[in-house]
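Peer 1: Quick one: sequence plus predicted model below, questions after.
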Amino acid sequence: MVNQSTTDLEVSPEINPIKLPRTSESDKVKRIRHTTSHIMAMAVQKLFPKAQVTIGPWTETGFYYDFDIPEPFTEQNLKAIKKEMVKIIKRKLPIICEEVTPEEAKKRITELKEPYKLEILEGLKPPITLYYLGDQWWDLCAGPHVETTGDINPRAFDLESVAGAYWRGDETKAQLQRIYGTAWETPEQLAEYKRRKEEALKRDHRKLGKELGLFIFSDSVGPGLPLWTPKGTIVRFTLEDFLRKEQIKRGYLGVVTPHIGRIDLFKTSGHWQNYKNDMFPMMAENAEEAAQETGFVLKPMNCPFHIQIYKSELRSYRDLPIRFAEFGTVYRYEQSGELGGLTRVRGFTVDDSHLFVTPDQLDTEFLNVVDLILTVFKSLQLNNFKARLSFRGEELDKYIGSNEVWEKSQNAIRRAVQTLEMDYFEAPGEAAFYGPKLDFIFQDALEREWQLGTVQVDYNLPQRFGLEYIAENGTRQRPVMIHRAPFGSLERLIGILIEEYAGDFPLWLSPIQIRILPVSDVQLDFTKEIVNKMQKLGIRAEADTSRERLSKMIRNSEKQKIPVMAIAGAKEVESNSLSIRTRTSGELGVMEVYEVIEKLTEAITNCTNF
């Protein structure tokens with residue numbers, strides 16, 4: 001993505017032509033990473049005979065393996081494991097696939113005394129494949145792998161970190177040790193990966209969020225539950241106000257719904273049956289409610305509540321489309337090991353909207369929603385994205401609704417992206433359980449991918465809740481629902497924006513838009529008078545009253561990434577002017593106060609720089 005305030009940190013193809021392939025994009029890289037994970041597991045069990053292996057999948061930039069081991073791994077352990085891995089690689093052990101029956105696999109696993117492998121085996125369908133590294137070590141695996149360990153470049157992999165992980169992601173089960181690693185085709189790719197990782201650490205929204213005073217987490221409140229400071233709240237409110245104004249222009253109607261609801265509501269929607277493990281536990285008033293599952297839950301989604309508002313009166317075709325919108329806070333019981341700053345939390349706010357349309361209105365309304373999303377992204381200076389058509393996968397029991405309904409929904413999304421001539425790809429298996437989605441996948445300046453906005457076509461929930469409208473011919477017909485969220489999670493969006501901007505927010509979004517620096521106490525009253533005038537006009541201005549030297553005030557403002565600084569000295573007071581300095585354009589010279597206010601107001605209104 002291109003952003004004027006972070007151009008010096010962009011990855012330029014001319015300066016840095018090294019391509020870092022994702023695992024899902026390259027069969028060769030997938031084989032390298034999958035094999036390297038097995039080499040790591042073999043090394044671990046050689047050095048730590050009591051360690052038991054569990055699962056070891058690839059990730060988009062590497063791999064990990066989970067181990068049950070009496071003592072936690074240390075940094076020194078990682079160095080020793082890596083050294084042993086190099087030895088295994090240099091032995092050029094052949095990687096052999098053997099197909100066996102479930103009974104034979106169970107027999108061999110039992111001989112190894114590996115209970116986790118037995119549990120994994122129970123979930124596998126024949127044929128069962130085992131992959132051997134020479135005749136030294138094997139694991140249950142579907143592949144793919146390289147031909148020998150010698151195909152791995154010993155200078156193109158690294159072990160990165162150790163983290164705790166629960167078996168099967170269940171906090172009630174065994175605590176495991178997870179080793180993360182990365183592997184590439186060449187040492188140059190590994191070096192570039194490490195460079196980008198270091199850059200990502202500088203941009204880490206958790207670090208910058210603390211430095212800029214935007215949000216905090218408190219152990220007393222609980223993990224995954226951010227607390228927003230006044231500055232961070234300004235960013236949230238500014239984003240919300242911006243989207244509300246855009247929605248009002250486009251005929252959206254605001255609604256507000258509660259944070260909890262009866263379980264029966266989510267049984268009807270299908271969330272309780274399909275999403276129960278990701279929801280917070282039920283709240284029941286008595287044992288009978290608990291036994292019958294008729295209590296209350298924290299809402300994981302807003303859509304069933306908006307459906308109830310639609311159902312509260314009989315609608316006519318003349319009323320449609322109806323567009324309900326809400327900044328609704330939802331709750332997901334994410335595992336503690338999966339939480340990550342603002343990008344993965346347990347309580348988050350969704351810029352949720354649900355449109356109820358006639359079948360004839362579907363295509364037009366879908367295109368209008370996409371237009372709104374693109375308008376939002378343009379204002380946020382997020383330009384480098386592609387569209388993912390998240391469709392139903394082969395495991396049909398994961399989804400509700402008929403094949404006919406799914407085909408109609410998926411075809412509607414295809415028509416939209418083809419009409420708009422968007423860059424898109426189809427992703428079977430990524431759909432919601434009730435309908436397909438159009439997801440917007442962004443690639444930032446460090447070539448990391450994020451999912452933000454989403455639009456979904458839904459024939460199923462109107463059917464399950466019995467939604468109707470009176471058609472022009474007097475019959476009762478079923479509306480179609482469009483679920484949409486341009487921001488997605490507001491928390492995730494802000495975390496991504498902090499990293500994309502490197503904390504250097506554009507003027508319209510910055511918590512403090514201008515700071516006025518008095519050269520001495522003599523100019524302080526003049527400074528405060530201008531700040532007061534700007535604040536009354538809605539400009540987020542403040543005066544530096546620290547009484548530091550001017551050079552120190554400038555450094556402090558730069559450190560806090562204030563977009564505009566205005567210096568007020570004796571000459572500026574005399575001419576009712578300010579000396580302007582901006583982060584995007586540097587020194588702009590002396591301007592009269594009225595001109596500064598006009599330029600600020602215009603830039604903030606148009607979401608541009610000063």
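Peer 2: Yep, that arrived.
Peer 1: For this protein, which helix or strand comes out least confident on mean pLDDT?
Peer 2: When each helix and strand of the chain is scored by mean pLDDT, DSSP states H and E, helix 287-292 comes last, with a mean of 77.
Peer 1: Now the element after it, going C-ward?
Peer 2: Downstream of helix 287-292, the next assigned helix or strand under DSSP states H and E is strand 296-298.
Peer 1: Need the contact partners of that next one.
Peer 2: 259-263, 266, 272, 279-284, 330-331 (C-beta atoms under 8 Å, 6 or more residues apart in numbering). Every C-beta, even on glycine, is put in place using the N, C-alpha and C of the backbone.
Peer 1: now the stretch 401-550 of the chain, which segments are flagged as low pLDDT?
Peer 2: Scanning the stretch 401-550 of the chain with the threshold set as pLDDT under 70 gives 445-446.
Peer 1: so where do the strands sit in it?
Peer 2: Along the stretch 401-550 of the chain, counting by DSSP state E, counting those that start in this stretch, strands occupy 424-428, 437-443, 449-458, 469-470, 476-477, 480-485, 514-518, 541-543.
Peer 1: if we can go back for a sec, filter the contacts of strand 296-298 down to the buried ones.
Peer 2: Buried members of the contacts of strand 296-298, counted by 16 or more other C-beta atoms under 10 Å: Gly261, Ile263, Phe266, Trp272, Met279, Met282, Ala284, Val330, Tyr331.
Peer 1: any chance of the residues you listed in TSV, with pLDDT, secondary structure and distance to Glu407 too?
Peer 2: TSV is the format used below for the buried ones among the contacts of strand 296-298 (pLDDT from 0 to 100; DSSP: H, G, I helix; E, B strand; the rest coil; distance: C-beta to C-beta, whole Å):
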residue	pLDDT	secondary structure	distance to Glu407
Gly261	93	strand	32
Ile263	92	helix	32
Phe266	92	helix	27
Trp272	88	helix	27
Met279	88	coil	30
Met282	85	coil	36
Ala284	80	coil	40
Val330	94	strand	29
Tyr331	94	strand	33
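Peer 1: Return the member of those nearest to Phe377.
Peer 2: When the buried ones among the contacts of strand 296-298 are ranked by distance to Phe377 (C-beta to C-beta), Val330 comes first, at 22.4 Å.
Peer 1: So Glu338 versus Thr454, what's the distance?
Peer 2: Distance from Glu338 to Thr454, counting by C-beta to C-beta, to the nearest Å: 20 Å.
Peer 1: more crowded one of those two?
Peer 2: More neighbours surround Thr454 than the other of Glu338 and Thr454, with 20 against 12 (other C-beta atoms under 10 Å).
Peer 1: For the stretch 1-150 of the chain, give me the ranges with low pLDDT.
Peer 2: By pLDDT under 70, the weakly predicted segments of the stretch 1-150 of the chain are 1-17.
Peer 1: Show me the strands in it, by range?
Peer 2: Using DSSP E, counting those that start in this stretch, strands in the stretch 1-150 of the chain cover 52-53, 63-68, 95-100, 128-133, 137-140.
Peer 1: Identify whichever of those lies nearest to Lys311.
Peer 2: strand 63-68 (46.0 Å).
Peer 1: Can I get the closest one in CSV, CA atoms only?
Peer 2: Only the C-alpha atoms of strand 63-68 are listed here, as CSV (Å, rounded to 0.1, in the frame of the first residue of the first chain):
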residue,chain,number,x,y,z
PHE,A,63,6.3,-23.8,9.9
TYR,A,64,5.8,-24.9,13.5
TYR,A,65,5.7,-28.1,15.5
ASP,A,66,4.1,-28.6,18.9
PHE,A,67,5.8,-30.8,21.5
ASP,A,68,4.9,-32.2,24.9
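Peer 1: dump the residue contacts of Lys46.
Peer 2: By C-beta under 8 Å, 6+ apart, Lys46 lies in contact with Glu84.
Peer 1: Now do stretch 222-234: everything it contacts.
Peer 2: Under the criterion C-beta under 8 Å, 6+ apart, residues 209, 212-218, 221, 236, 334, 336, 339, 342, 344-347, 491, 494, 511-512, 540 lie in contact with stretch 222-234.
Peer 1: Kindly recompute the last result at 6 Å.
Peer 2: Stretch 222-234 has contacts (C-beta atoms under 6 Å, 6 or more residues apart in numbering) with Gly213, Leu214, Phe215, Ile216, Glu334, Ser336, Leu339, Val345, Arg346, Gly347, Pro511.
Peer 1: that older thread, just the C-alphas of the least confident helix or strand of the chain, formatted as PDB.
Peer 2: Output of helix 287-292 as PDB, limited to C-alpha atoms (Å, rounded to 0.1, in the frame of the first residue of the first chain):
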ATOM      1  CA  ALA A 287     -29.900 -25.600  36.400                       C
ATOM      2  CA  GLU A 288     -33.000 -26.200  34.300                       C
ATOM      3  CA  GLU A 289     -32.000 -23.400  31.900                       C
ATOM      4  CA  ALA A 290     -28.500 -24.700  31.800                       C
ATOM      5  CA  ALA A 291     -29.700 -28.300  31.000                       C
ATOM      6  CA  GLN A 292     -32.100 -27.100  28.200                       C
END
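Peer 1: helices or strands up against it?
Peer 2: Here helix 287-292 touches no other helix or strand, going by 3 or more C-beta pairs under 6 Å, 6 or more residues apart in numbering; DSSP states H and E.
Peer 1: Can you give me the buried ones in that helix?
Peer 2: Buried residues in helix 287-292, counted by 16+ other C-beta under 10 Å: none are found.
Peer 1: burial count for Val357?
Peer 2: 21.
Peer 1: Tell me which two of the contacts of strand 296-298 sit farthest apart.
Peer 2: Ala284 and Val330 (20.6 Å).
Peer 1: Ile580: which of the contacts of stretch 222-234 is nearest?
Peer 2: For the contacts of stretch 222-234, the minimum distance to Ile580 (C-beta to C-beta) is 19.4 Å, reached by Pro511.
Peer 1: wait, Tyr469 sits on Leu314?
Peer 2: No. Proximity of Tyr469 to Leu314 does not meet the contact threshold set by C-beta atoms under 6 Å, at 7.8 Å.
Peer 1: Of the two, give the one with the bigger neighbour count.
Peer 2: Tyr469 (22 against 10).
Peer 1: For the closest residue to the more buried one other than its chain neighbours, give its distance to Pro462.
Peer 2: By the measure of C-beta to C-beta, 6 or more residues apart in numbering, the closest residue to Tyr469 outside its immediate chain neighbours is Arg315, 4.3 Å from it. The gap separating Arg315 from Pro462 is 12 Å, by C-beta to C-beta.
Peer 1: likewise Pro154?
Peer 2: Pro154 is 58 Å from Pro462, by C-beta to C-beta.
Peer 1: So these two - more neighbours on which side?
Peer 2: The residue with more neighbours, out of Pro154 and Pro462, is Pro462; 18 against 15, by other C-beta under 10 Å.
Peer 1: OK, contacts around the more buried one?
Peer 2: Applying C-beta under 6 Å, 6+ apart, the residues contacting Pro462 are Arg478, Pro479, Met481.
Peer 1: now, which of the residues you listed sits nearest Thr375?
Peer 2: Nearest to Thr375 among these is Met481, at 22.2 Å by C-beta to C-beta.
Peer 1: What is the burial count for that closest one?
Peer 2: Residues contacting Met481 under the criterion other C-beta under 10 Å number 25.
Peer 1: Do I have it right that it meets Tyr459?
Peer 2: No. Using C-beta under 6 Å, Met481 is not in contact with Tyr459, being 7.8 Å away.
Peer 1: in what helix or strand does Pro304 lie?
Peer 2: Pro304 is part of helix 303-311 when elements are defined by DSSP H and E.
Peer 1: Thanks a lot, catch you later.
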